[in-house]
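Asker: got a predicted structure here, sequence first:
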Amino acid sequence: MIVYFNDKYIPHEEVKISPFDRSFLFSDGVYEALRTYNGKLFRLQDHLERLKYSLQELEICYKDFDHLENIFTKLSKINNIKSEYSVYLQISRGVSFPRTHNYENNLTPNVFAFAKLIKDNSKEKNFGIKVILEKDLRWLRCDIKSTSLLSSVMANQNAIRNNAFEAILFRDDIITEGSHTNFFAVKNNKIYTAPLSNYILSGITRKVILELCKENKIDFSEEHIKVSDIEYYDEFFITGTTTEVTPVIQIDDCIVGDGKPGNITRSIQELFFNSVKQV
Ligand code: PLP
């Protein structure tokens, strides 16, 4: 695979980075993950806005936003990707020597990106998935898309170990989001999802779903979903760039409803897939 690394397009085996890069030592970096529909980068501006926000919050000095679209499309061409693909972009604060917790403001970020074909997840989207509930052990700035993801990694690994697709995280009695997705619940035809805050990532797919609800007059509320109320909800689904809209049919050992994706989830999927067809 040919990847992008600091203005070069090179085989992935040839990327060399100093162990003094702060993303290696401190996870001091940010990332974005986006995808195409009809060969076009979906909601590129939204992803760039979120990237700018993450960089700004961490005071990482990267300004070359205008080049990113070209980099992403070039990666797909150079790798001869003919169908829909996703792109991963990581920007680290840069290298500083010797290792100190504090950082200088003039470091040169290391920029890395690769594109890959989107994995088929139609089975999950059609039939729904199992999720597990896990304590949210992440830091208190989940609004920043930081590469510091160890507790998300552990939560997702635990999900896979338990034959589930995703770990849904909670703090006290409040569900925040998934390890790499946003979480939605449905009760009496109304859709619920956690409000934006430092406890969750502002998902681009979440944003699209709420826009579609507004446009189609589907009742929704950005309010907390409680673990203790879980049995009162009729349906659940998760959203994310590659997860799109995936129904949840089992939470831990509890089957949701009749174990099939619910009607509102199906309508949201339909609205979402129709809207991306038109981009
Ligand atoms: N929440 C978390 C913690 C994530 O890591 C992600 C995606 O990586 C999402 C939500 C979904 O965001 P998006 O819809 O922008 O992919």
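Answerer: Arrived safely, thanks for sending.
Asker: what strand or helix carries the closest residue to the ligand within the stretch 1-150 of the chain?
Answerer: Here the residue of the stretch 1-150 of the chain nearest the ligand is Ala33; by CB to the nearest ligand atom that distance is 5.5 Å. All C-beta spots, glycine's among them, are computed from the backbone N, C-alpha and C. Using DSSP states H and E, Ala33 sits in strand 29-37.
Asker: next structured bit after that strand?
Answerer: Following strand 29-37 in sequence order, the next helix or strand is strand 40-41 (DSSP H and E).
Asker: what about that next one and the ligand, any contact?
Answerer: No - Strand 40-41 is not in contact with the ligand by CB under 6 Å from any ligand atom; minimum separation 12.8 Å.
Asker: any idea how many residues pack against the residue of the stretch 1-150 of the chain closest to the ligand?
Answerer: 16 (other CB atoms under 10 Å).
Asker: what sits against it?
Answerer: Ser86, Val87, Tyr88, Leu89, Thr241, Thr242 (CB atoms under 8 Å, 6 or more residues apart in numbering).
Asker: quick check: the third one touching Tyr31?
Answerer: This means Tyr88. Yes - applying CB atoms under 8 Å, one finds Tyr88 in contact with Tyr31, separated by 6.7 Å.
Asker: picking that back up, so what sits opposite the residue of the stretch 1-150 of the chain closest to the ligand in the bridge?
Answerer: Tyr88 (DSSP bridges).
Asker: so the closest residue to the ligand within the stretch 51-200 of the chain, which of the three states?
Answerer: When distances are taken as CB to the nearest ligand atom, the stretch 51-200 of the chain reaches nearest to the ligand at His180, 4.0 Å away. With DSSP: H, G, I helix; E, B strand; the rest coil as the basis, the three-state label of His180 is coil.
Asker: so it makes contact with Glu166?
Answerer: Yes - with contacts counted by CB under 8 Å, His180 reaches Glu166, the gap being 7.3 Å.
Asker: which neighbours do those two share?
Answerer: Asn156, Thr243.
Asker: which one's more surrounded, those two?
Answerer: Neighbour count, other CB under 10 Å: between His180 and Glu166, Glu166 has more, with 26 against 20.
Asker: am I right that that one is in contact with Ile129?
Answerer: Yes - contact criterion CB under 8 Å: Glu166 and Ile129 qualify, at 6.7 Å.
Asker: kindly report the residues of this protein close to the ligand.
Answerer: Residues of the chain lying near the ligand by CB under 6 Å from any ligand atom: 33, 177, 180-182, 201, 203-206, 239-241.
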